[in-house]
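Undergrad: got a sequence here, can you model it:
(chains A, B and C)
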Amino acid sequence: MPELPEVETVRRSLLPVVLAKPISSVDIFTERIVQNRPADEFRDLLVGRSFVDLTRRGKYLLFALEGGWELVAHLRMTGRLIYYSSPSIPLAKHTSAVFRFGAEGELRFEDVRKFGTLDLVPAGDYRSVKGLYTLGVEPLSEAFTLDRFQELVHGRKTKIKSLLLDQTKIAGLGNIYADESLFMAGIHPERSAESLTAEELERLHTAIREVLQLAIEHQGTTFRDYRTGFGREGSFQNQLQIYGKKGEECPRCGVSLQYRKVAGRTSHFCPHCQREQP
DNA sequence: ATCGGTGTTGGAAT
DNA sequence: GATTCCAACACCGA
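TA: Model (predicted):
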(Lines give C-alpha, C1' and ligand atoms only; values in the text may rest on other atoms or scores of the structure.)
Protein backbone atom coordinates (compact mmCIF):
# COMPACT_ATOMS: atom_id res chain seq x y z
CA MET A 1 0.00 0.00 0.00
CA PRO A 2 2.15 2.86 1.10
CA GLU A 3 4.71 3.64 -1.55
CA LEU A 4 7.26 6.45 -1.58
CA PRO A 5 4.75 9.35 -1.76
CA GLU A 6 2.65 7.94 1.08
CA VAL A 7 5.67 7.28 3.31
CA GLU A 8 7.06 10.73 2.54
CA THR A 9 3.68 12.25 3.46
CA VAL A 10 3.67 10.39 6.77
CA ARG A 11 7.20 11.66 7.42
CA ARG A 12 6.27 15.27 6.74
CA SER A 13 3.13 15.10 8.85
CA LEU A 14 4.82 13.45 11.84
CA LEU A 15 7.96 15.59 11.78
CA PRO A 16 6.50 18.57 13.66
CA VAL A 17 4.81 16.48 16.37
CA VAL A 18 7.10 13.60 17.39
CA LEU A 19 10.53 15.23 17.87
CA ALA A 20 12.12 16.20 21.20
CA LYS A 21 9.47 14.48 23.33
CA PRO A 22 10.86 11.86 25.75
CA ILE A 23 9.23 8.47 25.27
CA SER A 24 7.53 7.67 28.56
CA SER A 25 6.37 4.16 27.69
CA VAL A 26 6.08 1.72 24.81
CA ASP A 27 3.35 -0.89 24.34
CA ILE A 28 3.83 -3.72 21.88
CA PHE A 29 0.55 -5.51 21.15
CA THR A 30 1.86 -7.58 18.25
CA GLU A 31 5.26 -8.91 19.30
CA ARG A 32 6.06 -9.99 15.75
CA ILE A 33 6.28 -6.38 14.63
CA VAL A 34 9.66 -6.00 16.38
CA GLN A 35 12.10 -7.74 14.08
CA ASN A 36 15.67 -7.71 15.26
CA ARG A 37 15.53 -8.04 19.04
CA PRO A 38 13.20 -9.17 21.84
CA ALA A 39 10.25 -6.83 22.43
CA ASP A 40 11.19 -6.12 26.07
CA GLU A 41 14.73 -5.14 25.11
CA PHE A 42 13.23 -2.96 22.36
CA ARG A 43 11.03 -1.21 24.93
CA ASP A 44 13.85 -0.73 27.43
CA LEU A 45 16.11 0.85 24.84
CA LEU A 46 13.42 3.32 23.75
CA VAL A 47 11.96 4.51 27.05
CA GLY A 48 13.50 7.79 28.21
CA ARG A 49 14.89 8.73 24.80
CA SER A 50 13.49 11.27 22.33
CA PHE A 51 13.29 11.21 18.57
CA VAL A 52 15.66 13.83 17.21
CA ASP A 53 15.02 13.48 13.47
CA LEU A 54 12.75 11.69 11.01
CA THR A 55 13.95 10.83 7.53
CA ARG A 56 12.97 8.40 4.77
CA ARG A 57 14.73 5.92 2.50
CA GLY A 58 12.50 4.28 -0.13
CA LYS A 59 9.47 3.07 1.81
CA TYR A 60 11.32 3.02 5.14
CA LEU A 61 10.86 5.64 7.85
CA LEU A 62 13.97 6.34 9.94
CA PHE A 63 13.43 7.80 13.41
CA ALA A 64 16.78 9.01 14.79
CA LEU A 65 16.98 8.73 18.58
CA GLU A 66 19.14 10.23 21.26
CA GLY A 67 22.10 8.10 22.26
CA GLY A 68 22.99 6.87 18.77
CA TRP A 69 19.99 4.63 18.10
CA GLU A 70 17.64 4.59 15.15
CA LEU A 71 14.12 3.18 14.87
CA VAL A 72 13.35 1.81 11.41
CA ALA A 73 9.67 1.43 10.47
CA HIS A 74 8.12 -0.19 7.40
CA LEU A 75 4.35 -0.06 6.84
CA ARG A 76 4.18 -2.91 4.28
CA MET A 77 0.59 -3.33 3.02
CA THR A 78 -1.70 -1.82 5.61
CA GLY A 79 0.44 -0.16 8.28
CA ARG A 80 -0.32 3.32 9.57
CA LEU A 81 1.75 5.56 11.82
CA ILE A 82 -0.57 8.13 13.35
CA TYR A 83 0.00 10.77 16.00
CA TYR A 84 -2.73 11.21 18.58
CA SER A 85 -2.62 14.24 20.85
CA SER A 86 -4.66 12.51 23.55
CA PRO A 87 -4.30 9.02 25.07
CA SER A 88 -8.04 8.97 25.78
CA ILE A 89 -8.85 8.29 22.13
CA PRO A 90 -9.70 4.55 22.01
CA LEU A 91 -7.12 2.31 20.35
CA ALA A 92 -7.99 1.17 16.85
CA LYS A 93 -8.80 -2.53 16.59
CA HIS A 94 -5.52 -3.51 14.94
CA THR A 95 -3.05 -1.42 16.91
CA SER A 96 0.36 -3.13 16.90
CA ALA A 97 2.41 -0.68 18.99
CA VAL A 98 2.09 2.61 20.90
CA PHE A 99 4.89 5.05 21.75
CA ARG A 100 3.77 7.44 24.50
CA PHE A 101 5.25 10.90 25.07
CA GLY A 102 3.87 11.54 28.57
CA ALA A 103 1.34 14.37 28.36
CA GLU A 104 2.57 15.23 24.85
CA GLY A 105 0.48 12.67 23.00
CA GLU A 106 1.43 9.35 21.45
CA LEU A 107 2.45 7.69 18.20
CA ARG A 108 0.48 4.58 17.24
CA PHE A 109 1.36 1.87 14.71
CA GLU A 110 -1.91 0.46 13.38
CA ASP A 111 -1.80 -2.46 10.97
CA VAL A 112 -4.72 -4.62 9.88
CA ARG A 113 -2.64 -7.31 8.18
CA LYS A 114 0.24 -7.14 10.67
CA PHE A 115 2.97 -7.24 8.00
CA GLY A 116 4.54 -3.97 9.18
CA THR A 117 7.93 -4.04 10.89
CA LEU A 118 10.00 -2.15 13.44
CA ASP A 119 13.77 -2.49 13.90
CA LEU A 120 15.91 -0.72 16.46
CA VAL A 121 19.49 -0.40 15.21
CA PRO A 122 22.65 1.56 16.01
CA ALA A 123 22.30 4.77 14.00
CA GLY A 124 23.19 4.18 10.36
CA ASP A 125 23.91 0.48 10.84
CA TYR A 126 21.36 -1.17 8.57
CA ARG A 127 23.02 -4.57 8.23
CA SER A 128 20.26 -6.26 10.23
CA VAL A 129 17.51 -4.65 8.12
CA LYS A 130 17.95 -6.55 4.92
CA GLY A 131 15.68 -4.66 2.55
CA LEU A 132 17.06 -1.35 3.74
CA TYR A 133 20.67 -2.44 3.47
CA THR A 134 20.28 -3.37 -0.18
CA LEU A 135 18.04 -0.47 -1.20
CA GLY A 136 18.59 1.11 -4.59
CA VAL A 137 18.78 4.74 -5.69
CA GLU A 138 16.38 7.33 -4.27
CA PRO A 139 14.34 8.39 -7.34
CA LEU A 140 13.75 11.99 -6.25
CA SER A 141 17.39 12.58 -5.34
CA GLU A 142 20.02 14.12 -7.59
CA ALA A 143 21.72 10.72 -7.67
CA PHE A 144 18.91 9.40 -9.89
CA THR A 145 20.28 10.80 -13.12
CA LEU A 146 19.33 9.61 -16.58
CA ASP A 147 22.78 8.02 -16.82
CA ARG A 148 22.21 6.11 -13.61
CA PHE A 149 18.84 4.90 -14.88
CA GLN A 150 20.40 3.76 -18.16
CA GLU A 151 23.00 1.77 -16.20
CA LEU A 152 20.28 0.08 -14.16
CA VAL A 153 18.38 -0.94 -17.28
CA HIS A 154 21.38 -1.86 -19.43
CA GLY A 155 21.41 -5.51 -20.48
CA ARG A 156 18.46 -6.42 -18.27
CA LYS A 157 16.08 -8.81 -19.99
CA THR A 158 13.49 -8.58 -17.23
CA LYS A 159 10.18 -6.83 -17.86
CA ILE A 160 10.44 -3.12 -17.29
CA LYS A 161 7.67 -3.21 -14.70
CA SER A 162 9.52 -5.87 -12.69
CA LEU A 163 12.60 -3.67 -12.72
CA LEU A 164 10.63 -0.65 -11.54
CA LEU A 165 9.27 -2.68 -8.62
CA ASP A 166 12.73 -4.03 -7.68
CA GLN A 167 13.65 -2.04 -4.56
CA THR A 168 17.35 -2.89 -4.93
CA LYS A 169 17.36 -0.91 -8.19
CA ILE A 170 15.07 2.06 -7.48
CA ALA A 171 13.75 2.67 -3.96
CA GLY A 172 10.11 3.43 -3.35
CA LEU A 173 8.07 2.61 -6.44
CA GLY A 174 5.17 0.21 -5.87
CA ASN A 175 2.40 -1.12 -8.05
CA ILE A 176 0.41 2.11 -8.38
CA TYR A 177 3.25 4.45 -9.30
CA ALA A 178 4.96 1.90 -11.54
CA ASP A 179 1.77 1.67 -13.62
CA GLU A 180 1.22 5.42 -13.62
CA SER A 181 4.83 6.12 -14.63
CA LEU A 182 4.71 3.62 -17.48
CA PHE A 183 1.47 5.13 -18.74
CA MET A 184 2.82 8.66 -18.58
CA ALA A 185 5.89 7.52 -20.56
CA GLY A 186 3.80 5.48 -23.05
CA ILE A 187 5.61 2.20 -22.36
CA HIS A 188 4.03 -1.24 -22.05
CA PRO A 189 4.78 -2.90 -18.67
CA GLU A 190 5.92 -6.15 -20.33
CA ARG A 191 8.57 -4.60 -22.57
CA SER A 192 11.98 -5.98 -21.72
CA ALA A 193 14.06 -3.40 -19.91
CA GLU A 194 16.97 -3.58 -22.37
CA SER A 195 14.63 -3.02 -25.35
CA LEU A 196 13.76 0.54 -24.35
CA THR A 197 15.15 3.21 -26.66
CA ALA A 198 17.09 6.20 -25.33
CA GLU A 199 14.02 8.37 -25.88
CA GLU A 200 11.78 5.95 -24.01
CA LEU A 201 14.21 5.77 -21.10
CA GLU A 202 14.31 9.52 -20.89
CA ARG A 203 10.51 9.73 -20.91
CA LEU A 204 10.27 7.05 -18.22
CA HIS A 205 12.94 8.72 -16.09
CA THR A 206 11.05 11.99 -16.23
CA ALA A 207 7.69 10.29 -15.68
CA ILE A 208 8.86 8.50 -12.52
CA ARG A 209 10.01 11.74 -10.96
CA GLU A 210 6.93 13.70 -12.01
CA VAL A 211 4.44 11.09 -10.82
CA LEU A 212 6.11 10.72 -7.43
CA GLN A 213 6.41 14.47 -6.94
CA LEU A 214 2.78 15.05 -7.93
CA ALA A 215 1.58 12.29 -5.62
CA ILE A 216 3.49 13.81 -2.70
CA GLU A 217 1.84 17.17 -3.43
CA HIS A 218 -1.52 15.39 -3.13
CA GLN A 219 -0.53 13.64 0.10
CA GLY A 220 -0.52 10.19 -1.48
CA THR A 221 -3.17 7.75 -2.70
CA THR A 222 -5.81 6.39 -0.32
CA PHE A 223 -7.70 3.36 -1.60
CA ARG A 224 -8.53 1.91 1.75
CA ASP A 225 -5.95 1.78 4.51
CA TYR A 226 -3.41 4.51 3.92
CA ARG A 227 -3.57 7.61 6.13
CA THR A 228 -1.21 10.49 6.77
CA GLY A 229 0.46 10.90 10.17
CA PHE A 230 -2.60 12.90 11.20
CA GLY A 231 -4.99 10.11 10.22
CA ARG A 232 -6.24 11.86 7.08
CA GLU A 233 -6.73 10.42 3.63
CA GLY A 234 -4.56 11.43 0.69
CA SER A 235 -6.16 12.72 -2.51
CA PHE A 236 -3.98 11.43 -5.36
CA GLN A 237 -6.54 8.66 -5.99
CA ASN A 238 -8.49 11.44 -7.73
CA GLN A 239 -5.55 12.17 -10.04
CA LEU A 240 -4.71 8.60 -11.09
CA GLN A 241 -4.72 8.13 -14.87
CA ILE A 242 -5.05 4.36 -15.20
CA TYR A 243 -4.44 2.49 -11.95
CA GLY A 244 -7.61 0.62 -10.99
CA LYS A 245 -9.42 1.83 -14.12
CA LYS A 246 -9.76 -1.41 -16.06
CA GLY A 247 -12.45 -1.07 -18.73
CA GLU A 248 -12.63 2.71 -18.47
CA GLU A 249 -11.52 4.96 -21.30
CA CYS A 250 -7.89 5.95 -21.66
CA PRO A 251 -7.66 9.61 -20.63
CA ARG A 252 -5.35 10.22 -23.60
CA CYS A 253 -6.91 8.31 -26.51
CA GLY A 254 -10.25 6.96 -25.30
CA VAL A 255 -9.48 3.27 -25.91
CA SER A 256 -10.68 0.85 -23.23
CA LEU A 257 -8.00 0.32 -20.58
CA GLN A 258 -6.81 -3.22 -19.98
CA TYR A 259 -5.17 -5.06 -17.16
CA ARG A 260 -3.30 -8.32 -16.70
CA LYS A 261 -0.88 -9.88 -14.28
CA VAL A 262 2.68 -8.78 -14.88
CA ALA A 263 5.37 -10.01 -12.52
CA GLY A 264 2.59 -11.32 -10.31
CA ARG A 265 1.00 -7.92 -9.92
CA THR A 266 -2.18 -6.43 -11.30
CA SER A 267 -1.02 -4.12 -14.06
CA HIS A 268 -3.04 -1.51 -15.90
CA PHE A 269 -2.18 -0.13 -19.30
CA CYS A 270 -3.62 1.39 -22.45
CA PRO A 271 -3.26 -1.03 -25.39
CA HIS A 272 -3.05 1.91 -27.80
CA CYS A 273 -0.73 4.31 -25.96
CA GLN A 274 1.51 1.56 -24.55
CA ARG A 275 2.41 -0.89 -27.34
CA GLU A 276 3.87 -4.32 -26.59
CA GLN A 277 5.86 -4.18 -29.81
CA PRO A 278 7.67 -0.85 -30.12
C1' DA B 1 -21.11 -18.01 2.33
C1' DT B 2 -17.04 -19.38 0.24
C1' DC B 3 -13.41 -17.69 -2.62
C1' DG B 4 -10.29 -14.68 -5.01
C1' DG B 5 -7.99 -10.57 -4.72
C1' DT B 6 -5.47 -6.65 -2.14
C1' DG B 7 -1.14 -1.17 -2.28
C1' DT B 8 4.91 -5.29 0.14
C1' DT B 9 8.68 -8.03 0.95
C1' DG B 10 11.84 -12.04 1.72
C1' DG B 11 12.95 -16.55 1.14
C1' DA B 12 12.55 -20.78 -1.26
C1' DA B 13 12.38 -22.90 -5.59
C1' DT B 14 13.63 -22.92 -10.37
C1' DG C 1 22.91 -14.28 -10.27
C1' DA C 2 18.27 -13.65 -12.15
C1' DT C 3 13.64 -14.57 -11.86
C1' DT C 4 9.26 -16.56 -10.29
C1' DC C 5 6.19 -17.99 -6.78
C1' DC C 6 4.17 -17.97 -2.43
C1' DA C 7 3.35 -17.04 2.41
C1' DA C 8 2.74 -13.71 6.17
C1' DC C 9 -2.61 -11.78 7.74
C1' DA C 10 -7.29 -9.72 7.75
C1' DC C 11 -10.83 -8.00 5.24
C1' DC C 12 -13.94 -7.00 1.39
C1' DG C 13 -16.82 -7.79 -2.38
C1' DA C 14 -18.55 -10.87 -5.94
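Undergrad: which residues does the residue of the stretch 1-150 of chain A at minimum distance from DNA strand C contact?
TA: Taking C-beta to the nearest atom of the strand, DNA strand C has its nearest neighbour within the stretch 1-150 of chain A at A:Arg113, 3.4 Å off. Where you see a C-beta, it was placed from the backbone N, CA and C, and this is true even at glycine. Residues counted as contacts of A:Arg113 (C-beta atoms under 8 Å, 6 or more residues apart in numbering) are A:76-78.
Undergrad: just A:Arg265 next, same as before
TA: A:161, A:165, A:175.
Undergrad: how close does it get to A:Thr228?
TA: Distance, A:Arg265 to A:Thr228, using C-beta to C-beta, to the nearest Å: 25 Å.
Undergrad: check A:Arg252 too.
TA: Note on A:Arg252: its distance to A:Thr228, by C-beta to C-beta, is 30 Å.
Undergrad: who has more neighbours, these two?
TA: Between A:Arg252 and A:Thr228, counted using other C-beta atoms under 10 Å, the more crowded position is A:Thr228 (22 against 14).
Undergrad: per-residue confidence for the more buried one?
TA: Looking at A:Thr228, its pLDDT reads 96.
Undergrad: let me know whether it touches A:Ser13 as I believe.
TA: Yes - between A:Thr228 and A:Ser13 there is a contact under C-beta atoms under 8 Å: 4.6 Å.
Undergrad: contacting residues around the closest residue to DNA strand B within the stretch 151-278 of chain A?
TA: Minimum separation of the stretch 151-278 of chain A from DNA strand B (C-beta to the nearest atom of the strand) falls at A:Gly174, amounting to 1.8 Å. By C-beta under 8 Å, 6+ apart, A:Gly174 lies in contact with A:1-4, A:59, A:165.
Undergrad: what residues does the stretch 101-250 of chain A put near DNA strand C?
TA: A:112-115, A:156-159, A:162, A:224 (C-beta under 7 Å from any atom of the strand).
Undergrad: near DNA strand B, list only the ones from these.
TA: Among these, the residues lying close to DNA strand B (C-beta under 7 Å from any atom of the strand) are A:115, A:224.
Undergrad: noted, bye for now.
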